[in-house]
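Student: generate coordinates for the sequence data below:
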Amino acid sequence: MGFIEERSKKVNALAEEKRRGMFLPPRDTGTGGNGDILERLAAIEHEKWRVWAGNLMERETLSEETRARWTRFMVPYGELPDEIKQYSRDNAKRTLEFFGNFFNNF
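Tutor: This is a model prediction of the structure:
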């Protein structure tokens, strides 16, 4: 068997494993097997929000109440109160669910 045939066989075997679900993430998108991933994604979600909110505050006229509330949360994710972190976790869970569904239908 030549190199190309051997490589093709390996690629097809890997694709078959993926189709059978051997590489699927755990179903639990809360605190189970994806807990660390969830927190890392939540931190990324918060950083994206910080950039978006900062840009919006520079360009748009917002109420003083909104500016004051947002400014309190313009800190790194680790410094947020847990109840505020939950917003970022909820967004991260939606991302994990999307990718879980995507790979289940692959």
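
Student: packing partners of the longest helix along the chain?
Tutor: In the chain, assigned by DSSP state H, the helix with the most residues is helix 35-59. Contact here means 3 or more Cβ pairs under 8 Å, 6 or more residues apart in numbering; DSSP states H and E; on that basis helix 35-59 packs against helix 64-72, helix 82-104. For the C-beta atoms, the positions are set from N, CA and C on the backbone; glycine is no exception.

Student: and that helix, what's its mean pLDDT?
Tutor: Across helix 35-59, pLDDT averages out at 93.

Student: tell me what the least confident helix or strand in the chain by mean pLDDT is packed against?
Tutor: The weakest-scoring helix or strand in the chain, judged by mean pLDDT, DSSP states H and E, is helix 3-19 (a mean of 73). Applying 3+ Cβ pairs under 8 Å, 6+ apart, one finds that helix 3-19 contacts no other helix or strand.

Student: tilt between it and helix 82-104?
Tutor: 130 degrees (axes from the mean of the first three to the mean of the last three Cα atoms, to 10 degrees).

Student: restrict helix 3-19 to CA atoms and write it as CSV.
Tutor: Only the C-alpha atoms of helix 3-19 are listed here, as CSV (Å, rounded to 0.1, in the frame of the first residue of the first chain):
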residue,chain,number,x,y,z
PHE,A,3,1.7,6.5,1.1
ILE,A,4,-1.5,8.2,-0.3
GLU,A,5,-3.6,5.0,0.2
GLU,A,6,-2.3,4.6,3.7
ARG,A,7,-2.9,8.2,4.6
SER,A,8,-6.4,8.1,3.1
LYS,A,9,-7.2,5.0,5.1
LYS,A,10,-6.1,6.8,8.4
VAL,A,11,-8.2,9.9,7.5
ASN,A,12,-11.2,7.8,6.7
ALA,A,13,-10.8,5.9,10.0
LEU,A,14,-10.6,9.2,11.9
ALA,A,15,-13.7,10.6,10.2
GLU,A,16,-15.5,7.4,11.1
GLU,A,17,-14.5,7.7,14.8
LYS,A,18,-15.8,11.3,14.8
ARG,A,19,-19.1,10.2,13.2
